[in-house]
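J.: Would you be able to build a 3D model of this:
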Amino acid sequence: MAVALLTTALVIVVALLAAAGAGKLARMEGAAYPTALTRAAAAFTTVLTLAAAVTAALAALLA
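T.: This is a model prediction of the structure:
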């Protein structure tokens, strides 16, 4: 149980870091705040989706 909670927390932290990086890069390129926020949200969603896909693939292999 504890391992699952720590893994979930780690994935969320990585997703937040990716989103912050994407938003910062967008602002450095001169994008407006709404555009930067959209890019950050897309990066966050992509990381979570990728983590879910990897989890599903591993679960299928281990079952």
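
J.: Now Glu29. Its backbone dihedrals?
T.: phi -80, psi 0 (degrees, to the nearest 10).

J.: For Ala4, see how far away it is.
T.: Spatial separation of Glu29 from Ala4 under the definition C-beta to C-beta, to the nearest Å is 38 Å. In this view, the C-beta of every residue, glycine as well, is placed from N, C-alpha and C.

J.: which residues of this protein score low on pLDDT?
T.: Residue ranges of the chain with pLDDT under 70: none are present.

J.: Pull the number of nearby residues for the closest residue to Ile12 other than its chain neighbours.
T.: Nearest residue to Ile12 in three dimensions, chain neighbours excluded: Leu48, at 8.0 Å (C-beta to C-beta, 6 or more residues apart in numbering). Summarising burial for Leu48: neighbours were counted as other C-beta atoms under 10 Å, giving 16.

J.: right, and Leu48 touches Val14 too?
T.: No: proximity of Leu48 to Val14 does not meet the contact threshold set by C-beta atoms under 8 Å, at 9.5 Å.

J.: and the residue nearest to Ile12, what element?
T.: For Leu48, the host element (DSSP states H and E) is helix 33-62.

J.: I'd like to know which elements that helix is packed against.
T.: Identification of packing neighbours for helix 33-62 by 3 or more C-beta pairs under 8 Å, 6 or more residues apart in numbering; DSSP states H and E yields helix 2-28.

J.: what's the angle from the helix it packs on to helix 33-62?
T.: Relative orientation of helix 2-28 with respect to helix 33-62: 150 degrees, computed using axes from the mean of the first three to the mean of the last three C-alpha atoms, to 10 degrees.

J.: buried set for helix 2-28?
T.: Neighbour-count burial for helix 2-28, counted by 16 or more other C-beta atoms under 10 Å, picks out Val11, Ala15, Ala18, Ala19, Ala22, Gly23, Ala26, Arg27.

J.: Next, find the distance separating Met28 from Phe44.
T.: Taking C-beta to C-beta as the criterion, Met28 is separated from Phe44 by 18 Å.

J.: let me fix that: Lys24
T.: Remark: distance between Lys24 and Phe44 (C-beta to C-beta) = 13 Å.
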